[in-house]
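**Q** here is a sequence together with a model predicted from it:
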Amino acid sequence: MNGMVIKATGKRYTIKTADGETVQCRLKGKFRIQGIKSTNPLVVGDKVELEQESELWMIIKLHERKNNILRKSVNLSKQTHIIAANIDQAILMITLDSPVTTTGFIDRFLVSANAYGIEVILLLNKIDLLDDAMQKNKKNLQEVYEKIGYKFFSFSVLNDDLSVIKTLMKGKVNMISGHSGVGKSTLINKLQPNLNIDTKQVSDTHKQGQHTTTFSELHDLDFGASIIDTPGIRGFGLVELTPNEIGNYFPEFFAIKQKCKYHNCIHKNEPDCAVKTALGNGEIAESRYKNYLNMLLEEEDNFRTNDY
């Protein structure tokens, strides 16, 4: 029997079968040693094959993934953590305050999603809390990302109509991600009130969110969409990308890379680099280039010291 993982908690998995039933499953023992380097061999969104042993359902096969999005494991730098699989679209929720989402975090997420062919919607929340200076920051941020082709929306999820977001989500498996406290659970409750997902206030002391979602779970929504709710993440380390590949996942770099003098230009110290020329002309945002250099430096260090 085939099904899809809709909830993963430790060694237990909730599977929605092809006929709409939900069953609790465990991994077959031999499944664990198939060379999977991630800390979590199965994730929400995975399509699997099941068999029943006595009264227990066991997962015996993982079907090939269309895609996944992953990052470095928090505590095990040589291992990866897969956030979700078989995603049609990712929604990255960001805030300018309480908590602050940096452009470094945004760009790392976008690079990882782009590497696996996942379209991303940027959703800036809590705009009702912005003062005049932050409103200017919001405008600048939106201009940077819309210019390079990303959908960017600004809302107060608590107060505003979300019909535009519903339209974009309809008919798709959507993954929602972002720091703790940006409003992921609030968004899902607004989209589907009967889910009653727990929410918590941002800490006044540290201006950071508190974890309310501790595991990933897929919810089917009444308007014909699915959403994968994921725990809040603080950092986003890149994996499986070489220094020569990173620039390919910056759309504005990729569009002009053929104009660089050298075909293997990494847009750092090489002469006649089209990307650096565009940067100097104001055609590429300084924040984007700075974040690219930080990623490049990190991956150069990794490839000197680790075997990935």
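**A** Thanks, I have the structure now.

**Q** quick one: low-confidence residue ranges for the chain.
**A** Applying pLDDT under 70 to the chain flags the ranges 30-37, 73-78, 199-214, 300-308.

**Q** now do the strands in it.
**A** 2-9, 12-17, 22-27, 47-53, 56-62, 68-72, 80-85, 89-94, 119-124, 151-154, 173-177, 217-221, 225-229 (DSSP state E).

**Q** residues near M295, how many?
**A** Neighbourhood size, M295 [other C-beta atoms under 10 Å]: 22. Every C-beta, even on glycine, is put in place using the N, C-alpha and C of the backbone.

**Q** please disregard the earlier target; I meant K170.
**A** With other C-beta under 10 Å as criterion, K170 counts 12.

**Q** likewise for E286?
**A** E286 sits with 10 neighbouring residues when counted by other C-beta under 10 Å.

**Q** and it, what does it touch?
**A** L279 (C-beta atoms under 8 Å, 6 or more residues apart in numbering).

**Q** gap between Q89 and H263?
**A** Applying C-beta to C-beta, to the nearest Å, one obtains 33 Å for the distance of Q89 from H263.

**Q** next one: K66
**A** Distance from K66 to H263, counting by C-beta to C-beta: 31 Å.

**Q** neighbour-wise, which of the two wins?
**A** K66 (15 against 7).

**Q** right, and the more buried one touches N86 too?
**A** Yes. Counting by C-beta atoms under 8 Å, K66 does reach N86; the two are 4.9 Å apart.

**Q** which stretches of this protein form helices?
**A** For the chain, applying DSSP state H gives helices covering 103-115, 132-147, 163-169, 184-191, 243-246, 251-254, 274-280, 286-305.

**Q** for stretch 27-46, measure first residue to last.
**A** Across its full length, stretch 27-46 reaches 13 Å between end residues, using C-alpha to C-alpha, to the nearest Å.

**Q** distance of N194 from Q142?
**A** For N194, the distance to Q142 - C-beta to C-beta - is 33 Å.
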